[in-house]
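> I'll drop the sequence and a predicted model, then ask my questions.
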Amino acid sequence: MILAVLVDLPERNTRVQRVKSVFDDACWALGVEPEFVDVTSYDCRAGAVETVPTVFVYDDADPYGEPLAEHRGGFTAEDITGLLERGAALVA
């Protein structure tokens, strides 16, 4: 199993709400639970982010380890689907 994490600005931002919606829909379509991390939080996964939004895919067994795959900057549902599929292939 994999874990998908979207690192972005605080959720009250309208652009973030639209991006998060696309991310959530793409994740749930593949049966992956989406996670959101505010870039201003103390979550270590947000520490190295210089471009928002950034999506990381982790092995579910190591959610704070090295990401299996990542995407920086704007994305489409197809981009996220491809990213999740690459991450899942690496865990399998």
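Noted; the coordinates are in hand.

> tell me where the chain has strands.
Along the chain, counting by DSSP state E, strands occupy 2-8, 34-38, 54-59, 69-72.

> elements contacting the last one?
Counting contacts by 3 or more C-beta pairs under 8 Å, 6 or more residues apart in numbering; DSSP states H and E, the secondary-structure elements packed against strand 69-72 are strand 54-59, helix 77-91. Just so you know, the C-beta spots here come from the backbone N, C-alpha and C atoms, and that holds for glycine as well.

> show residues contacting the first one.
Here strand 54-59 makes contact (C-beta atoms under 8 Å, 6 or more residues apart in numbering) with 1-8, 23, 45, 64-65, 67-73, 75, 80, 83-84, 86-87, 90-91.

> next, the buried residues of the worst-scoring helix or strand of the chain on mean pLDDT.
Least confident element among the helices and strands of the chain, by mean pLDDT, DSSP states H and E: helix 14-29 (a mean of 93). For helix 14-29, a neighbour-count test (16 or more other C-beta atoms under 10 Å) marks 16, 19-20, 22-24, 26-27 as buried.

> same check, this time on stretch 78-92
79-81, 83-84, 87-88.

> equivalent analysis for stretch 51-69, please.
52-59, 67-69.
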